[in-house]
Structures are given as structure tokens and as C-alpha cells.
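Engineer: Let me see the structure of the following:
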Amino acid sequence: MHQSGTRNEQNGIEALGLAGIGKVFWNLTEAPLYERSIARGETRLTASGALAAETGPHTGRSPADRFIVRDEASEESIWWENANALSREQFEALKADFFAHAGSRTLFAQDLDAGADPAHRIGVRVYTEHAWHALFIRTMLRRPEREALTGFVPQLTVLCVPSFRAEPEKHGVRSPTVIACDFSTGLVLIGGTLYAGEMKKSVFSYLNYILPERGVLPMHCSANAGDAGDVALFFGLSGTGKTTLSADPARALIGDDEHGWSADGVFNIEGGCYAKTIRLSPASEPAIFAATQRFGTVLENVVLDADSRLPDFDDGTLAENARAAYPLDFITGARAEGRGGAPKNIVMLTCDAFGVMPPIARLTSAQAMYHFLSGYTAKVAGTEAGLSEPQATFSACFGAPFMPRHPSVYGRLLRDLVTAHEVDCWLVNTGWTGGKAGTGQRMPIEVTRTLVTAALDGSLRDVETRTDPHFGFAVPTRIEGVDPRLLDPARNWSSRMDYAMTARRLVGMFADNFARFESAVDDDVRHAQPGMAIAAE
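Structural biologist: The predicted structure follows:
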């Protein structure tokens with residue numbers, strides 16, 4: 001293959017075993033990647049200098065098409081209940097066909113780091129078929145110094161070739177789309193999808209596999225720090241507000257999505273942010289909005305005006321999951337080093353579309369582990385075909401699709417760290433109050449910011465609380481600047497009976513979901529289950 005650009009000539013594409021008549025452009029920077037992606041018809045330039053790409057039918061991850069190689073090394077360590085398996089033979093057949101296809105293509109290679117802490121950093125080499133994918137992953141991971149590239153040796157290699165189509169019968173997969181992860185050799189193959197998020201989540205999945213063995217907790221969360229160095233973590237599924245709440249102008253952003261927590265503190269795995277942009281506005285999210293207006297940002301499935309090339313963030317025609325990828329330093333005051341000490345506060349975010357959870361509650365360490373393992377949020381009626389009322393969603397560790405080990409592995413690490421560092425834990429509802437979605441009201445973002453600020457600055461540590469009768473956690477009864485009625489969901493419903501019935505229904509959903517974890521946790525975690533207070537009456 002014809003190769004050009006700065007690279008380790010002793011550990012290049014030949015080391016992967018990839019050969020053919022194609023070309024490889026190594027470690028191109030932003031400007032040439034812009035030029036090539038536009039010239040190749042992959043993207044369009046926005047009026048403000050960002051790059052806009054569309055991903056076709058795949059506008060989000062494809063979990064049903066994600067596979068892990070099942071062999072001796074992974075047999076006992078993967079949570080197979082939550083993972084699709086490929087045999088070694090199936091993967092090798094897929095790899096052979098994948099390499100044969102990729103060898104005839106033009107590829108863009110990026111040598112990058114995952115992990116801001118040098119003690120736990122890994123080298124990641126990503127080959128992409130599309131120039132804008134190379135810019136995306138260059139934005140999302142951490143860029144080594146230029147002089148380090150000539151000696152770069154990857155621990156993980158990702159090969160993203162959307163034009164490859166898998167054959168289900170031959171390769172043991174479900175469709176022409178495939179994300180195949182071989183943790184033993186450190187190789188990921190991505191084909192049949194243009195959705196760029198598959199690359200970053202594949203890197204995260206690999207780290208989620210190897211870091212626990214080093215005593216490091218990998219986390220799907222955002223993180224920031226106050227002036228005094230106090231670190232806060234924000235766990236939450238997509239749409240719950242972790243990116244929005246962590247991008248606080250009064251605090252320094254450490255990262256918006258993926259972190260590790262070691263004996264030395266918290267570190268960002270990435271070097272960029274990947275924010276949802278649907279209904280993004282400069283008034284409610286000024287820092288994120290400003291980042292979307294800059295050269296170097298990649299907009300994914302954002303509608304552009306045909307004439308002006310101005311983004312329309314209110315238009316969900318292409319995708320509700322429209323996103324922006326931008327470097328961390330596009331957020332003013334972000335920590336370039338991507339590191340902080342052990343957190344003083346952990347905030348678990350849920351978007352409760354049933355409208356029965358309080359806007360904030362303090363959790364014991366046992367409750368924190370329970371809700372971490374549960375990973376609750378709710379989908380809103382109308383967001384999916386056939387969804388006519390809120391639907392509870394439970395994703396263990398707030399990121400089950402990319403947590404390959406059993407959730408109890410991560411849960412025990414979290415609980416040990418929380419106990420050792422005496423971390424304050426909070427559950428925050430960014431969803432509805434006064435009724436279910438459709439009849440109640442969405443929790444105002446200004447109220448949520450006030451509550452989170454009070455939790456982080458210590459104002460809530462000694463306030464009077466009540467025990468929620470359904471969920472059992474401690475809820476503040478009064479917070480300065482917040483209507484007391486908002487703190488008690490039952491007072492906002494027109495019918496207390498409807499509230500109680502809905503709350504008990506949700507409690508039952510928690511219990512049904514947690515049944516699969518009961519044998520893996522201690523009694524105090526089992527007793528932290530919502531509804532225990534009711535059962536004791």
C-alpha cells in the first residue's frame with residue numbers, strides 16, 4: 001500500500017497484516033482532513049467553519065450488531081447475558097474478508113492516546129475510510145506530541161470501513177452492519193455504519209474491559225472541578241443532562257463522557273466532547289453552542305440551511321440524536337490536563353418521565369450502588385414508534401452496552417471508592433414533575449442547576465430532610481431559591497392517589513430489573529431497594 005505522513009515505519013500498517021493496492025494517509029491534521037472530506041463529497045462546510053456530516057440510516061449506535069470474540073481469555077470475564085458472541089473462527093473469517101476489502105481502499109490513520117493519566121493511558125490506532133471520521137476520532141481522543149508519532153505502538157487498533165458489508169450466514173452476525181471486538185488481540189472491526197460514535201464507544205469498551213484488572217473504575221460520566229479543586233462526577237444516560245450540567249462556567253470541565261477513577265484520582269479518557277445538539281440554544285447552553293460554531297468541530301446529522309449553511313438545531317429531520325464533536329479546549333476554562341483528585345460529590349442523573357421522583361435526593365453508599373447498578377431513566381412517549389406512555393429504561397452502570405464485565409465488578413469498585421473517600425452521593429431528576437410526561441411539567445433547567453450547585457458547595461449537607469415513602473432516600477425539605485412544592489412530587493400532582501399508584505408501579509419496575517443482580521450484592525444493597533419502606537409498614 002502507498003503510505004505518506006508521519007508514522008512509526010517499524011510499526012505501520014504491515015504490522016496489522018493489512019496489504020493491498022490502497023493508500024494510507026498518516027496523522028493528517030485538521031485543515032487537510034477538512035479539504036479531503038469536502039473534496040470527496042463526505043461533508044459540507046457550515047457558515048461558522050464547522051464540518052457537517054450525515055450518517056444515513058444509522059444515526060446512533062447499533063447494539064444488536066456489536067459482538068465480542070468469545071474465547072478462553074474472555075469466557076469467564078465477559079457478562080455474556082449482555083453481549084453478543086462471535087467464535088474465534090467466525091471472527092477470523094470476518095477479519096480476512098474485512099482486510100481484503102480494506103486493502104483496496106484509501107485509508108486515513110490516526111495515532112492517538114486514550115487516558116489523560118500516563119499510568120493508565122493506552123495507544124490507539126484508528127484507520128478510517130472517511131476523512132471526516134479521522135477528524136472525528138482525532139477530536140475525541142488525545143493527540144500525542146508530533147515527535148512521539150515516529151515511535152508510536154498501539155495497544156488497540158480500530159478499523160472503520162463503512163463500505164464493508166458483513167455476510168450474516170458466513171460471519172455469524174445479524175446484518176451487514178458489524179462492530180466486532182477482539183479484546184485478546186486489541187482489534188475492533190467496524191463496517192456497514194457511518195455513525196462515528198461507534199469508534200469512540202469501542203475504545204471505551206476496551207478500556208472498560210482492561211481497567212478493572214488494574215484496580216481502576218472506568219465510568220460513563222462527565223466530570224468537573226471547582227476553584228478549590230473539588231471534583232464532581234455526573235452519571236447519566238443519554239439525554240439526562242450530564243454534558244449540560246458539567247459544562248458549568250463556574251467550574252472547570254474535566255470531561256463530558258468517559259473517565260477513570262484510580263488511586264490517584266479521576267482522569268478523562270478522551271480529549272474532546274460529543275454533545276447532543278437537538279434544540280440546542282445559546283441561552284440555555286452557551287458554552288456548548290459556542291463550540292458548535294468553530295473550525296475543528298464536527299456536526300453529525302445537524303440540518304443546515306441550503307443557502308446560508310447555518311445549522312438549525314431545532315430541526316430533527318435527520319436525527320433526534322444529532323451531535324457535535326469538538327475538542328475539550330473549546331470549552332472555556334476546561335482542564336487541559338484532563339485530571340483531578342478523588343471526587344467529593346457524585347451526581348446520578350435520571351430523566352424520570354413518570355414524574356414521581358424528587359428533583360434531588362441524598363443517597364447512602366448502599367443506595368448509590370443500587371442506583372448505579374440500576375441505571376434508571378425513562379423514554380418519553382412519542383420518541384419511538386408505538387410508544388404511547390413513558391417507558392422505564394434500565395442500563396446498568398449508566399452504560400451497559402459498553403460495560404463488558406458484570407455490573408457488580410464496577411459496582412464494587414464504585415462502592416469501595418465512595419466509602420474510602422467519603423463521597424457525597426446524590427440522585428437528581430431532570431425529568432418531569434406534577435404528572436407523567438404529557439401531563440406534568442419538565443423540571444426547569446434553572447432549578448436543576450440551583451440544586452446541583454447547592455449539593456456541590458455543601459449547602460445541602462446538613463439541611464432538614466424527609467424520607468421518601470416510595471424510594472427510601474433522603475430528600476431536602478427546603479432549599480434556598482427553590483419552591484418547596486417542587487421538592488415533594490406528591491404535592492404537584494392533581495391527584496395524590498394517581499401519584500402513589502404511579503410511584504408504586506415504578507418501584508415494581510425497579511424490583512423486577514434488580515432481581516438479576518440480587519445474588520451479586522450484599523444485604524445492605526438489597527435493602528436499599530425502593531419500596532422497602534412500604535413493605536415495612
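
Engineer: Could you check how many residues crowd around Val24?
Structural biologist: For Val24, the count of nearby residues is 19 (other Cβ atoms under 10 Å). Every C-beta, even on glycine, is put in place using the N, C-alpha and C of the backbone.

Engineer: which residues does it bridge with?
Structural biologist: Beta-bridge partners recorded for Val24 (DSSP bridges): Gln3, Leu107.

Engineer: Now for it: which residues touch it?
Structural biologist: Counting by Cβ atoms under 8 Å, 6 or more residues apart in numbering, Val24 makes contact with Met1, His2, Gln3, Ser4, Gly5, Gly12, Ile13, Thr106, Leu107, Phe108, Ala109, Tyr127.

Engineer: any idea how far Met1 is from the spatially closest residue to the second one that is not a sequence neighbour?
Structural biologist: Nearest non-adjacent residue to His2, counting by Cβ to Cβ, 6 or more residues apart in numbering: Lys23, 4.7 Å away. Taking Cβ to Cβ, to the nearest Å as the measure, Lys23 and Met1 are separated by 6 Å.

Engineer: higher neighbour count, these two?
Structural biologist: Applying other Cβ under 10 Å to Lys23 and Met1 shows that Met1 carries more neighbours, namely 18 against 13.

Engineer: Show residues contacting stretch 84-103.
Structural biologist: 1, 17-22, 64, 66-71, 127, 129, 159, 161, 163-164, 166-167, 170-174, 178, 180, 182, 187, 189, 191.

Engineer: Among these, name the buried ones.
Structural biologist: Buried subset of the contacts of stretch 84-103 (neighbour count, 16 or more other Cβ atoms under 10 Å): 1, 18, 22, 66-71, 127, 129, 159, 161, 164, 166, 171-173, 178, 180, 182, 187, 189, 191.

Engineer: about what we covered before: which one (most neighbours) among the contacts of Val24?
Structural biologist: That'd be Phe108 among these, by other Cβ under 10 Å, with 28 neighbours.

Engineer: Identify each buried residue in stretch 227-234, please.
Structural biologist: Asp230, Val231, Ala232, Leu233, Phe234.

Engineer: Check stretch 325-334 too.
Structural biologist: Ala325, Tyr326, Pro327, Leu328, Phe330, Ile331, Ala334.

Engineer: Could I get the contacting residues of Ala503?
Structural biologist: Contacts of Ala503 (Cβ under 8 Å, 6+ apart): Phe354, Val356, His470, Phe471, Pro489.

Engineer: between these, which is nearest Val153?
Structural biologist: Nearest to Val153 among the contacts of Ala503 is Phe471, at 49.5 Å by Cβ to Cβ.

Engineer: May I have the strand or helix carrying Val452 as PDB, with CA atoms only?
Structural biologist: Assignment of secondary structure by DSSP states H and E places Val452 within helix 445-456. Presented in PDB, the C-alpha positions along helix 445-456 are these (Å, rounded to 0.1, in the frame of the first residue of the first chain):
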ATOM      1  CA  ILE A 445     -33.000  23.600  34.000                       C
ATOM      2  CA  GLU A 446     -32.500  26.700  36.200                       C
ATOM      3  CA  VAL A 447     -33.900  24.700  39.200                       C
ATOM      4  CA  THR A 448     -31.700  21.700  38.400                       C
ATOM      5  CA  ARG A 449     -28.700  24.000  38.200                       C
ATOM      6  CA  THR A 450     -29.600  25.600  41.600                       C
ATOM      7  CA  LEU A 451     -30.000  22.100  43.200                       C
ATOM      8  CA  VAL A 452     -26.700  20.800  41.800                       C
ATOM      9  CA  THR A 453     -24.800  23.900  42.900                       C
ATOM     10  CA  ALA A 454     -26.200  23.600  46.400                       C
ATOM     11  CA  ALA A 455     -25.200  19.900  46.500                       C
ATOM     12  CA  LEU A 456     -21.700  20.600  45.300                       C
END
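
Engineer: Among the contacts of Ala503, which ones are in strands?
Structural biologist: Among the contacts of Ala503, DSSP state E puts none in strands.

Engineer: now those residues in TSV, with pLDDT, distance to Ala420 and neighbour count?
Structural biologist: Below are the contacts of Ala503 laid out as TSV (pLDDT from 0 to 100; distance: Cβ to Cβ, whole Å; neighbours: other Cβ atoms under 10 Å):
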residue	pLDDT	distance to Ala420	neighbour count
Phe354	94	34	24
Val356	96	33	29
His470	94	31	24
Phe471	95	26	26
Pro489	93	33	27
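
Engineer: Just put those in a markdown table and tack on distance to Glu285.
Structural biologist: Output for those, formatted as a markdown table (distance: Cβ to Cβ, whole Å):
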| residue | distance to Glu285 |
| --- | --- |
| Phe354 | 26 |
| Val356 | 27 |
| His470 | 32 |
| Phe471 | 29 |
| Pro489 | 26 |
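
Engineer: now the helices: where do they sit in the protein?
Structural biologist: 13-16, 30-39, 88-102, 131-140, 168-171, 197-210, 242-246, 286-291, 365-374, 407-421, 445-456, 496-514, 523-526, 532-536 (DSSP state H).

Engineer: Out of those, which is closest to Gly435?
Structural biologist: helix 496-514 (8.0 Å).

Engineer: buried ones in the closest one?
Structural biologist: Asp498, Tyr499, Ala500, Thr502, Ala503, Leu506, Val507, Met509, Phe510, Asn513, Phe514.

Engineer: how much space between the fifth one and Phe398?
Structural biologist: From Ala503 across to Phe398, the span is 22 Å (Cβ to Cβ).

Engineer: got it, and the fourth one?
Structural biologist: With distances defined as Cβ to Cβ, the gap from Thr502 to Phe398 amounts to 23 Å.

Engineer: same deal with the second one?
Structural biologist: According to Cβ to Cβ, Tyr499 stands 26 Å off from Phe398.

Engineer: what do you get for the first one?
Structural biologist: Taking Cβ to Cβ as the measure, Asp498 falls 29 Å from Phe398.

Engineer: Point out where this structure drops to low pLDDT.
Structural biologist: Where the chain drops to pLDDT under 70, the residues are 380-389, 532-537.

Engineer: make it 50
Structural biologist: Low-confidence segments of the chain, defined by pLDDT under 50: 381-387, 533-537.

Engineer: and Ala319, how many neighbours?
Structural biologist: 20.

Engineer: So it sits against Val303, correct?
Structural biologist: No: applying Cβ atoms under 8 Å as the test, Ala319 and Val303 come out as separate, 9.2 Å apart.

Engineer: excluding its backbone neighbours, what's nearest Lys170?
Structural biologist: Ala93 (6.5 Å).

Engineer: Same check on Phe295?
Structural biologist: Gly49 (3.8 Å).

Engineer: That neighbour reaches Val298, doesn't it?
Structural biologist: No: the criterion here is Cβ under 8 Å, and Gly49 misses it with Val298 at 11.5 Å.

Engineer: Who has more neighbours out of these two?
Structural biologist: Val298 (28 against 12).

Engineer: contacting residues for the residue nearest to the more buried one when sequence neighbours are not counted?
Structural biologist: Excluding the flanking residues, the one nearest Val298 by Cβ to Cβ, 6+ apart is Ala325, at 4.4 Å. Neighbouring residues of Ala325 by Cβ under 8 Å, 6+ apart: Phe136, Thr139, Met140, Ala196, Gly272, Cys273, Tyr274, Thr297, Val298, Glu300.

Engineer: out of those residues, which are inside strands?
Structural biologist: Per DSSP E, the subset of those in strands is Gly272, Cys273, Tyr274, Val298, Glu300.

Engineer: For the first one, name its beta-bridge partners.
Structural biologist: When you say that, I think you mean Gly272. Residues in beta-bridge contact with Gly272 (DSSP bridges): Pro327.

Engineer: got it, and the last one?
Structural biologist: With DSSP bridges as the criterion, the beta-bridge partners of Glu300 are Ala53, Arg323.

Engineer: What separation is there between it and Ala196?
Structural biologist: From Glu300 to Ala196 the distance is 6 Å (Cβ to Cβ).
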